[in-house]
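Asks: Structure, please.
(2 chains)
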Amino acid sequence: SQTIHQWPATLVQPVGSPLSLECTVEGTSNPNLYWYRQAAGRGLQLLFYSVGIGQISSEVPQNLSASRPQDRQFILSSKKLLLSDSGFYLCAWSVRTVLQYFGPGTRLTVL
Amino acid sequence: GENVEQHPSTLSVQEGDSAVIKCTYSDSASNYFPWYKQELGKRPQLIIDIRSNVGEKKDQRIAVTLNKTAKHFSLHITETQPEDSAVYFCAASRYAGGTSYGKLTFGQGTILTVHP
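Replies: Got it, this is the predicted structure:
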């Protein structure tokens, strides 16, 4: 069966520090991968999606970036965090369908 | 692009009552409508979905209805229980099938509270 992992589970970072969040999927190949952000427990905002290695599409311009170095690995990064980057970051995957399954999430607090 | 509006933003019911959450969408080409339930601090979980060739779908106490003409769809929960308390999200997508990418556009969510 398919499994999606995210780490870390929680993160507290100072403003201006870098960020790296990782997502990996097991039990499937060539998935579509997504990064969402959820602020204040409401509203899922799609940040990036990827249909293959090295293929990244950005939905919202911001100081975040994403990369997909391997088929089942998706990384969300920032060079300098802002206070507004705080939130619950969710990775999701789908295969040959629009149905998306979410990972456990990373709760990021920027101080 | 697609825009999904969800109402109400909060809903409070007594245990055993029914709850209804409504969503409207703007893109008439959207053809897939899932509903997700998110408990506090956890990931969203798919609870039911419907495709545009179907008007209604039921799964035990949960049902979803779709009105393509009016471009709205609704989630119905009957005989609510305290464990139904969560945030519920609707979403819409124009999906072409196969290996194509289908973007999900989410509503803003409804906080459902079921009082014992």
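Asks: Kindly report the residues of chain B close to chain A.
Replies: Chain B has residues B:32, B:34, B:40-46, B:49, B:87, B:89, B:93, B:95, B:98-99, B:101-104, B:106, B:108-109, B:111 near chain A, with proximity defined as CB under 8 Å from any CB of the partner chain. In short, each C-beta sits where N, CA and C put it, glycine included.
Asks: Show me which residues of chain A are close to chain B?
Replies: Proximity of chain A to chain B (CB under 8 Å from any CB) is limited to residues A:32, A:41-44, A:46, A:49, A:51, A:90, A:94, A:96-105, A:107.
Asks: give me the number of residues near the nearest residue to B:K22 once chain neighbours are set aside?
Replies: Nearest non-adjacent residue to B:K22, counting by CB to CB, 6 or more residues apart in numbering or on different chains: B:S74, 4.8 Å away. Using other CB atoms under 10 Å in any protein chain shown, B:S74 has 19 other residues around it.
Asks: from what I can see B:S74 touches B:K57, true?
Replies: No. B:S74 is beyond contact range of B:K57, at 11.5 Å (criterion: CB atoms under 8 Å).
Asks: Show me whatever sits in contact with both of these two.
Replies: Taking CB atoms under 8 Å, 6 or more residues apart in numbering or on different chains as the contact rule, B:S74 and B:K57 both touch B:V64.
Asks: mind listing what the residue nearest to B:K22 touches?
Replies: B:S74 sits in contact with B:20-23, B:64-65, where contact means CB under 8 Å, 6+ apart.
Asks: Same check on A:T28?
Replies: A:T28 makes contacts with A:2, A:72, A:93, A:95, as judged by CB under 8 Å, 6+ apart.
Asks: Run through the bridge partners of the residue nearest to B:K22.
Replies: B:K22, B:T65 (DSSP bridges).
Asks: What of B:Y88?
Replies: Counting by DSSP bridges, B:Y88 is bridged to B:K37, B:T110.
Asks: separation between it and chain A?
Replies: Here the criterion is CB to the nearest CB, to the nearest Å. By it, B:Y88 lies 11 Å from chain A.
Asks: pretty sure that residue is touching B:V114, no?
Replies: No. Under the criterion of CB under 8 Å, B:Y88 makes no contact with B:V114, lying 11.8 Å away.
Asks: Who has more neighbours out of those two?
Replies: A direct count of neighbours by other CB under 10 Å for B:Y88 and B:V114 places B:Y88 higher, at 23 against 20.
Asks: dump the residue contacts of that one.
Replies: Applying CB under 8 Å, 6+ apart, the residues near B:Y88 are B:21, B:35-38, B:47, B:75, B:109-110, B:112.
Asks: shaky segments in chain A?
Replies: Along chain A, the model assigns pLDDT under 70 to residues A:41, A:61, A:98.
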